[in-house]
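**Student:** need the 3D shape of this:
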Amino acid sequence: MVKTELEQRIIDALEAVAVQHGIDVVDVEVTGATKAPCVRVRIDNLDGGPITLDEVTAQNAWVSAVVEELDPVSGSYTLEVSSPGMARPLRRPADFVRFAGQEVELATSAVSGRRKWTGTIVASTDGGVTLELEDGERRDFPFDTVKKCNLKPVYDFKPKKEGE
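**Tutor:** Sure thing, here's the model as predicted:
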């Protein structure tokens, strides 16, 4: 995925110690005003299980220490540490392999006059991902053209009927 140099530096610094804590650095995003930006760090359990709010809170200290030591932003900034959420960002080829069969929303550089795509991950290699689009067409996207990709959340609030 396309990351800014600053975001990649933060990711690299966090990933260097995350394994010691049993944590997977899902994504880092720097957003907001240049005078007081927000550094968002999304983490998950390394074993693939969902992370709880208490676990996120417990990891906050070392994440903060690593980011502070890196001193990525001159001046003040806000650090947010959270779970990846239902619309989990996919950043690495391994993420696409892990979530094969899941529906995603993908943003790319312009391809066939479009920048946004929705489809199901049907294959992934080190070089790119293949989606089956909503109309049934299969399309390959090289990772160097993918700007952003998130799992498409599924909201199912209907109670299950007996026997299902």
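**Student:** would you map out the domains in the chain?
**Tutor:** 5-82, 93-151 (automatic domain parsing).
**Student:** any chance of those domains in CSV, plus mean neighbour count?
**Tutor:** The C-beta positions use only the backbone N, C-alpha and C, and glycine is treated the same way. Shown next, in CSV, are the domains of the chain (neighbours: other C-beta atoms under 10 Å):
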stretch, mean neighbour count
domain 5-82, 15
domain 93-151, 15
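**Student:** just the CA trace of the strand ranked longest in the chain, in CSV.
**Tutor:** Assignment by DSSP state E gives strand 114-124 as the longest strand of the chain. Written as CSV, here are the backbone C-alpha positions of strand 114-124 (Å, rounded to 0.1, in the frame of the first residue of the first chain):
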residue,chain,number,x,y,z
ARG,A,114,-12.2,4.5,-11.8
ARG,A,115,-10.5,4.9,-8.5
LYS,A,116,-12.9,3.0,-6.1
TRP,A,117,-13.7,-0.7,-6.4
THR,A,118,-15.8,-3.1,-4.3
GLY,A,119,-15.3,-6.8,-4.5
THR,A,120,-14.3,-10.1,-2.9
ILE,A,121,-10.7,-11.1,-2.6
VAL,A,122,-10.3,-14.3,-4.7
ALA,A,123,-6.5,-14.4,-4.9
SER,A,124,-3.4,-12.6,-3.6
